[in-house]
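Asks: Using only what follows, build the 3D model:
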Amino acid sequence: MATQIAVITGAGSGIGRAAARALGRAGFDVALLGRDRERLDATARNLAQHSVRSLVISVDVADAQAVQDAANRVESELGPISVWANCAGATVVGQVAALNAQDIARATQVTYLGSVNGTLAALSVMRRRGQGAIINLDLAPTLRDLPLQAAENGSRAALRGFCSSLRTELRHDADHIRIVMVDLPAINTPHYGWTRNLTGKRLKPFGPVYEPEVAAEAICRAAFTTSRSISIGWANSFAALWRLAGRSCREARLASHGYKAQMSHDWAEGIQPDDLYNPVPGAYGAEGPFEAKARRLNSPFTVFVSSSLRASLFGALAAMGLSAAYNHIRRSRKP
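Replies: Below is the predicted model:
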């Protein structure tokens, strides 16, 4: 049986690098796409130690033609692409009143349009065979609507809508190409130190934080699942229900606690380098500086919940609610 080929954008560090290792262990040869050639080469050397064949392509995912050219090159040099994971992203953190249109546009180009460009490139080659899996990253329900994160939230919301429409089109055309969203909580990667930060304080994760290997495992599962999405942790599944039932309460809590939950007590020292327009130089790996509190794969709190299981849970809760309401009505009608 021929080796399957996976493409990962943002593969030089963070979630992308961890995902490359996970898919390599699962038997894939891996094409590594990203802006920083040195970090991509470091990822390739790590894969080579485990006898995983790789192809390094330096590319900015905001450039649609460059991403399409990369897909064609992977097909000719490695083989038919069966999995494409869009892990690249960039953002700017700060109050909307402090943001400028240029930075928001750039964050949108990388996070939203970069994922769209990857999806379009994957579709162009996968439709020749009528099958494959395209994996996009989303924010877990607990991270949506956070203050200071308008650029990130806007990009991810746009990507959710794009993927929802694409699924119906693929179903209409009877293509066996799966679009899977991985809903990620806070992940301990280097990006907290190089994100463009307008708050004046050092950034920190909001809520439970997980090691990048956990995100990589979710991406690896997404490559084989028939589910539409995968979430990490039970809390994120219940948070989706909470968003429907208690939006007003959630907004009030985020307004009062969302700021300090994302910033440390320390002020940033001068202007820090960021990766919004160009990669930050340095030998960064997958992990960030929050390993002391990051949850790992063997943590009892690390649970992967597919959309089908989440629907079953919600259905069970709804049935219990309807049953309780029906019994209440019956009792109230008795003389």
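Asks: Could you find the residue nearest the spatial middle of the chain?
Replies: Ranked by distance to the mean C-alpha position of the chain (CA atoms, centre = their mean), the top residue is Leu137 at 2.4 Å.
Asks: what packs against the helix or strand harbouring Val125?
Replies: Element membership of Val125, judged by DSSP states H and E, is helix 114-126. Judged by 3 or more CB pairs under 8 Å, 6 or more residues apart in numbering; DSSP states H and E, helix 114-126 is in contact with strand 5-9, helix 64-77, strand 81-86, strand 131-139, helix 150-172, strand 176-184. (C-beta placed from N, C-alpha, C; glycine too.)
Asks: Kindly state which of the ones you listed is positioned closest to Ser124.
Replies: helix 64-77 (6.6 Å; CB to CB).
Asks: centre of the chain versus the closest one, how much separation?
Replies: Centroid displacement of helix 64-77 relative to its chain, using CA atoms, centre = their mean, to the nearest Å, is 22 Å.
Asks: what do you get for stretch 168-181?
Replies: A distance of 20 Å separates the C-alpha centroid of stretch 168-181 from that of its chain, computed with CA atoms, centre = their mean.
Asks: need the contact list for Gln272.
Replies: Contact analysis of Gln272 by CB atoms under 8 Å, 6 or more residues apart in numbering lists Gly193, Trp194, Asn197.
Asks: Would you mind checking those for buried ones?
Replies: Neighbour counting by 16 or more other CB atoms under 10 Å classes Gly193, Trp194, Asn197 among those as buried.
Asks: Return the member of these nearest to Gln109.
Replies: Trp194 (17.4 Å).
Asks: Leaving out sequence neighbours, find the closest residue to the closest one.
Replies: Val280 (4.3 Å; CB to CB, 6 or more residues apart in numbering).
Asks: That neighbour and Met126, how far apart?
Replies: Between Val280 and Met126 the distance is 33 Å, computed by CB to CB, to the nearest Å.
Asks: Please pull out the lowest mean pLDDT helix or strand from the protein.
Replies: Of the helices and strands making up the chain, the lowest-confidence element is helix 234-245, at a mean of 57, by mean pLDDT, DSSP states H and E.
Asks: so what's Val116 closest to, chain neighbours aside?
Replies: Spatial nearest neighbour of Val116, chain neighbours left out: Phe162 (6.1 Å); criterion: CB to CB, 6+ apart.
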